[in-house]
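[1] Could you work out the structure for the sequence below:
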Amino acid sequence: MVNPTRGVLYPARLPEFHRLVPTGPASDLVAWFWIPEWDIEPGRSSRQEIVGYPALNLVVEPRTVTLSGATTRATHRDLRGTGWAVGALLRPAAVAALIDDPAALVDTERVLDEPELLSAVEAAMCSGEGHRERAVEIFSRWLVALTGPPGAAALQANALVDVLMGDDAASSPDEAATRMAASVRTLQRLAHRHVGLSPAAMIRRRRLQEAAERLRVDPGLDLATLAAEFGYADHAHLTRDFRAVLGISPSWYRTGAGR
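    Now for the predicted structure:
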């Protein structure tokens, strides 16, 4: 089951939001598709704040297709009026077909000229009941045709992300290298080529996502206990990571301020 709110700092602010898991060949290319749809009354807005996964996103919205790089800090977007987006959280195997150097796209995005994908997804999203599933099917077919069968290095990069971000994830690059029977240097090259961030940065992002989620579920949790649970050296280390990425302290976040 895909957790629909992991990485979302304030889930109560979400508009109608769906995550759909890909099937068939697309499962090697996309972790999941995410589809928000909103209709916000005039004069109001809804701010969405995200601690993103260490991955690239390919996003189709009305009139535009964008490729967004991995992020090193929390990001936000203010939603207004009526709209939708269909995003693909890309697995590493999809990245090489879209960009030569994903590190150059970290914390930024690029508009892509993909009129066929744009028009087909727009038509699906306006097609009535079952529109989300049709949009994901079209998106999946387009990606599979673009990338072709993943090569060995791409599949190894997928495996790296599974080891770093999945259930029972590795707590260090050394542990990940041992599990994958590869050198840390090999993992660093894979991560740079297919994600744009280092394995250590990916681990830090996962720990911060999980720590924020635990605070939402249990705001009374002792911060020293939380820090130890997620592998931080101490409470101060957790607080530094929170401030560096989210811009706020864990103590402030757990009060529910601004939710």
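
[2] Does D28 touch R91 like I think?
    Yes - if you go by Cβ atoms under 8 Å, D28 and R91 touch, sitting 6.4 Å apart. Placement of C-beta: from N, CA and C, glycine included.

[3] Now the common contact residues for the two.
    N158 (Cβ atoms under 8 Å, 6 or more residues apart in numbering).

[4] Have a look at these two and say which one is more surrounded.
    R91 (26 against 19; other Cβ atoms under 10 Å).

[5] how about T108, what does it touch?
    Contacts of T108 by Cβ under 8 Å, 6+ apart are S68, G69.

[6] And the pLDDT at V195?
    pLDDT recorded at V195 is 96.

[7] ugh, typo on my part, it should be H76
    Confidence for H76, expressed as pLDDT, is 81.

[8] How many residues are close by it?
    Neighbours of H76 (other Cβ under 10 Å): 10.

[9] Return the backbone torsion pair for it.
    When read as degrees, to the nearest 10, the backbone of H76 gives phi -140, psi 160.

[10] Count the residues that sit near the closest residue to E61 other than its chain neighbours.
    Nearest residue to E61, sequence neighbours excluded (Cβ to Cβ, 6 or more residues apart in numbering): A85, at 4.7 Å. Residues lying near A85 (other Cβ under 10 Å) number 20.

[11] gap between A85 and E49?
    16 Å (Cβ to Cβ, to the nearest Å).

[12] quick one on the thing from earlier: identify the residues contacting the residue nearest to E61.
    By Cβ under 8 Å, 6+ apart, the contact set of A85 is W34, I35, P36, V59, V60, E61.

[13] So the fifth one belongs to a helix, correct?
    No - checked against DSSP: H, G, I helix; E, B strand; the rest coil, V60 lies outside a helix; its state is strand.

[14] from what I can see it touches W142, true?
    No - with contact defined as Cβ under 8 Å, V60 does not count as touching W142 (9.7 Å).

[15] hey, what's in contact with both of those two?
    In contact with both V60 and W142: L117, using Cβ under 8 Å, 6+ apart.

[16] the more surrounded of those two?
    A count of neighbours by other Cβ under 10 Å puts V60 above the other of V60 and W142, at 28 against 19.

[17] Show me which positions of the biggest helix by length in the chain end up buried.
    Of all segments of type helix in the chain, defined using DSSP state H, the longest is helix 199-217. By neighbour count on 16 or more other Cβ atoms under 10 Å, the buried set for helix 199-217 is 199-216.

[18] Neighbours of L20, how many?
    There are 20 residues near L20, going by other Cβ under 10 Å.

[19] Please state the backbone phi and psi of it?
    Dihedral angles for L20 - degrees, to the nearest 10 - are phi -120, psi 130.

[20] Secondary structure class of the nearest residue to R204 once chain neighbours are set aside, three-state.
    Nearest non-adjacent residue to R204, counting by Cβ to Cβ, 6+ apart: D241, 6.5 Å away. Of the three states, D241 takes helix according to three-state DSSP.

[21] D241 touches I203, doesn't it?
    No - using Cβ under 8 Å, D241 is not in contact with I203; the gap is 11.2 Å.

[22] Can you point out the buried residues in the helix or strand in which L160 is found?
    Assigned by DSSP states H and E, L160 falls within helix 152-165. Residues A153, A154, Q156, A157, N158, A159, L160, V161, D162, V163, L164, M165 are the ones in helix 152-165 that count as buried (16+ other Cβ under 10 Å).
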